[in-house]
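Novice: structure for this input, please:
(chains A and B)
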2 protein chains.
Amino acid sequence: MSALPVAVDAMGGDNAPEAIVEGARMAAEGGHGVVLVGPPEQLDASGLEVIPARQVVGMEADPGASVRRLKDSSVVRAAEAVRDGRACAMVSAGNTGAAMASALLRCGRIKGVVRPAVACPFPVPGRATPTVVLDVGANSDCTAAWLVQFARMGAVYSRAGFGVAEPRVGLLSIGEEAGKGSALVKDVFALLDDEAWQERAGARFVGNVEGRDLLLDCADVIVTDGFTGNVMLKTAEGVASVIAEEIIRLADSSPEARAGADLFFPALLGLYETFDPDNTGGAVLLGVRGVCTISHGSSSPKAIASAIGVAHGLAAAGIVSQIARAVTG
Amino acid sequence: MSALPVAVDAMGGDNAPEAIVEGARMAAEGGHGVVLVGPPEQLDASGLEVIPARQVVGMEADPGASVRRLKDSSVVRAAEAVRDGRACAMVSAGNTGAAMASALLRCGRIKGVVRPAVACPFPVPGRATPTVVLDVGANSDCTAAWLVQFARMGAVYSRAGFGVAEPRVGLLSIGEEAGKGSALVKDVFALLDDEAWQERAGARFVGNVEGRDLLLDCADVIVTDGFTGNVMLKTAEGVASVIAEEIIRLADSSPEARAGADLFFPALLGLYETFDPDNTGGAVLLGVRGVCTISHGSSSPKAIASAIGVAHGLAAAGIVSQIARAVTG
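Specialist: Have a look, this model is predicted:
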């Protein structure tokens, strides 16, 4: 773990600042260094260090304009804490675009990175390590070269973040065969299928994967453009959430169902835990000169504590310098 | 219902020909006219009419090449039955690409249609009508004009197939605001946001929708390119299927779980029925001069019977001439 604390955007998220401060406290009690960023008088910080920031970027605000205008906002100040060496990483559950823009504008891009990308870990039932999908939203329109670099950064993240020695890289497409998919995907396939690239990346290209492979043990890294990746992420979340709601509703549909649900739900909790975004630590912006972890807007204290732990781990693993080496290598 | 039968590709699908013939029989017993297409000696057709076809396109075969070479294949002959006025529609659970290519090459495109698209109905819990998503796989790379025409065809399908008087059209993107998404999506947004277009289409544009809206009551038609739509479809299927498998596995994780599951599963069956592809009748290829319904490769007899019913309904509603009017209007 880094000796430096993780800077936590105390004002970002649907349940900010209360849930964020509570999560930071949980992390601190677990031995993780944290520093809150926000208006000190609005934070029940007792005992936790605070970097003052008087402004707040709203969840729905325009990211670029907000970061330019709200220079004293909690998310911007958190990024500055990373830039200035006061924190080893930043965590925000606020406006995703604003967190990305703050990290990019304040910390800067890693030399050699053409476009930073957001990587999101997806749980795979029965496997200890998640599948990293990137980009899940930073870049809507991509070139083949960008996707190849996303693959490279994703492999570094899989190795540094989850200990996968030689990550399997899959290319998201709409058919398993090499010729399937969009023009972009066909170009990327040819570039990833190159043995020299795979050797440099310390990764193995496993060809095309499909939407249905997301939660299966098919790849450690799935590469796609930020538009498709974001649709995939939100479709998966949406389907899982509708099913969960229906299960809860059906548990009250009859006395038998209720009695059965009371007996069955403890077992089902394991499944809920597997898919609970609280346990994955959130997405990571790869390619900037600092560790920037982006949590779900609805993050609970536990999710924030988990994200702080992940951020410490990535900082300690030196993911920024590893990516810097990879993209110039 | 059309007086003409529906031509059923008896050799297409993982469980062909047995499951297909059984499904056709179920439909016939329900009063739906059917004609099987396949090698008569391999079909237990007793009582059902058969159009002979000696060849079979494999599930993994190259669609274009197969349709060109296997002129006496069941899927090609089924399309010819539609073209020749021997059947009002075709149903295939075989190679999706081959079904599309057969319908397109034998029946031809509707005049004014730039590209046929595959429309897939998704169930919405608590709503009687499904949400139609298109394109889910026919066209990986699309122009804005194509997507606008997909929206038009999707609105016709929602009205003719499901009785939605003024379908709400949503544009799949990665943010709700007008400016969010890829360059393609921004162009399409401007075109659909035009009141004159909406009036001509008899539809209402509701703006961008996201992946998480798929199973919610946000739109009746969701428009996207065939790459993103296919990823969305397969992600939704994959997530639902992993969750279902995990639920079944966890039911055997302890005696309590088993006892609870035995009581709770009857209620849960309702959810399974809602999402069961057997009940939706499969996807439809819109824009060709014939009704072509494409069922899941793993279709059960019930799924085939349901697809035959849907195909009859679309033929009786005159969906082909409705689309022809729409695209020239």
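
Novice: for the stretch 201-329 of chain A, which segments count as strands?
Specialist: With DSSP state E, counting those that start in this stretch, the ranges of strands along the stretch 201-329 of chain A come out as A:204-209, A:221-223, A:283-286, A:291-294.

Novice: list the beta-bridge partners for residue A:171.
Specialist: Beta-bridge pairing of residue A:171 under DSSP bridges involves residue A:208, residue A:223.

Novice: touching, it and residue A:185? I think so.
Specialist: Yes: using Cβ atoms under 8 Å, residue A:171 makes contact with residue A:185 at a distance of 6.2 Å. All C-beta atoms are positioned from the backbone trio N, CA, C, and that covers glycine.

Novice: need the residues touching each of the two.
Specialist: residue A:208 (Cβ atoms under 8 Å, 6 or more residues apart in numbering or on different chains).

Novice: what residues does the stretch 51-200 of chain A have near chain B?
Specialist: By Cβ under 8 Å from any Cβ of the partner chain, the residues of the stretch 51-200 of chain A that approach chain B are A:125, A:137, A:140-141, A:172-174, A:181-183, A:185.

Novice: so, low pLDDT: which residues of chain A?
Specialist: Filtered on pLDDT under 70, chain A yields the residue ranges A:1-2, A:277, A:329.

Novice: quick one: the helices in it, in order.
Specialist: Remark: helices assigned in chain A by DSSP state H are A:18-29, A:63-69, A:74-83, A:96-102, A:144-162, A:183-192, A:195-201, A:226-250, A:255-275, A:301-316, A:319-328.

Novice: and the residues of the stretch 51-200 of chain A next to chain B, which is closest to residue A:293?
Specialist: residue A:137 (14.6 Å; Cβ to Cβ).

Novice: ok so, going back, what would the strands of the stretch 201-329 of chain A look like in JSON lines with mean neighbour count?
Specialist: Converted to JSON lines, those look like this (neighbours: other Cβ atoms under 10 Å in any protein chain shown):
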{"stretch": "strand A:204-209", "mean neighbour count": "20"}
{"stretch": "strand A:221-223", "mean neighbour count": "31"}
{"stretch": "strand A:283-286", "mean neighbour count": "27"}
{"stretch": "strand A:291-294", "mean neighbour count": "30"}
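
Novice: which one, of the ones you listed, ends up nearest to residue B:4?
Specialist: Nearest to residue B:4, of all the strands of the stretch 201-329 of chain A, is strand A:204-209, at 39.9 Å by Cβ to Cβ.

Novice: quick one, the closest one and helix A:144-162 angle?
Specialist: For strand A:204-209 against helix A:144-162, the angle by axes from the mean of the first three to the mean of the last three Cα atoms, to 10 degrees is 120 degrees.

Novice: now strand A:204-209, how far from the chain's geometric center?
Specialist: Taking the mean of its C-alpha atoms, strand A:204-209 sits 22 Å from the chain's own mean (Cα atoms, centre = their mean, to the nearest Å).

Novice: what does stretch A:60-77 give?
Specialist: Centroid displacement of stretch A:60-77 relative to its chain, using Cα atoms, centre = their mean, is 20 Å.

Novice: hmm, who's touching that stretch?
Specialist: With contacts defined as Cβ under 8 Å, 6+ apart, stretch A:60-77 is touched by A:7, A:9-12, A:37-39, A:51-58, A:92, A:94-102, A:105-106.

Novice: now the end-to-end length of it.
Specialist: 19 Å (Cα to Cα, to the nearest Å).

Novice: report the buried residues of it.
Specialist: For stretch A:60-77, burial by neighbour count (16 or more other Cβ atoms under 10 Å in any protein chain shown) applies to A:61-63, A:66-67, A:70, A:73-77.

Novice: widest-spaced pair of those residues?
Specialist: The most distant members of those, if one measures by Cβ to Cβ, are A:62 and A:77, lying 18.9 Å apart.

Novice: tell me who's in contact with the residue of the stretch 1-150 of chain A found nearest chain B.
Specialist: Residue of the stretch 1-150 of chain A nearest chain B, by Cβ to the nearest Cβ: residue A:140 (4.1 Å). By Cβ under 8 Å, 6+ apart, the contact list for residue A:140 reads A:225-227, B:174, B:181-183, B:185.

Novice: which among the residues you listed end up buried?
Specialist: A:225-227, B:174, B:181-182, B:185.

Novice: which residue lies nearest the spatial centre of chain A?
Specialist: residue A:283 (0.5 Å; Cα atoms, centre = their mean).

Novice: that one touches residue A:117, doesn't it?
Specialist: No: between residue A:283 and residue A:117 there is no contact, the gap being 9.9 Å when judged by Cβ under 8 Å.

Novice: and the residue nearest to residue A:309 when sequence neighbours are not counted, how many neighbours?
Specialist: Nearest non-adjacent residue to residue A:309, counting by Cβ to Cβ, 6 or more residues apart in numbering or on different chains: residue A:32, 5.9 Å away. Neighbourhood size, residue A:32 [other Cβ atoms under 10 Å in any protein chain shown]: 19.

Novice: for residue A:32, what are its contacts?
Specialist: So residue A:32 contacts A:1, A:6, A:305, A:308-309, A:312 (Cβ under 8 Å, 6+ apart).

Novice: PyMOL command for the buried members of these?
Specialist: Per 16+ other Cβ under 10 Å, the buried members of the contacts of residue A:32 correspond to this PyMOL selection:
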select buried, chain A and resi 6+305+308+309+312
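
Novice: which two among the contacts of residue A:32 are spaced furthest apart?
Specialist: A:1 and A:305, at 14.0 Å, using Cβ to Cβ across those.

Novice: would you list the phi and psi of residue A:111?
Specialist: Main-chain torsions, residue A:111, degrees, to the nearest 10: phi -60, psi 130.

Novice: redo the buried ones among the contacts of residue A:140 as TSV? Include distance to residue B:278.
Specialist: Converted to TSV, these look like this (distance: Cβ to Cβ, whole Å):
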residue	distance to residue B:278
A:225	33
A:226	35
A:227	32
B:174	32
B:181	34
B:182	34
B:185	33
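
Novice: closest one to residue B:268 out of those residues, please.
Specialist: Nearest to residue B:268 among the buried ones among the contacts of residue A:140, with distances taken as Cβ to Cβ, is residue B:174, at 32.4 Å.

Novice: how near is the closest one to chain A?
Specialist: Residue B:174 sits 4 Å away from chain A, going by Cβ to the nearest Cβ, to the nearest Å.

Novice: if I pick that residue, what's in contact with it?
Specialist: Per Cβ under 8 Å, 6+ apart, neighbours of residue B:174: A:137, A:140, A:226-227, A:230-231, A:234, B:180-181, B:210.
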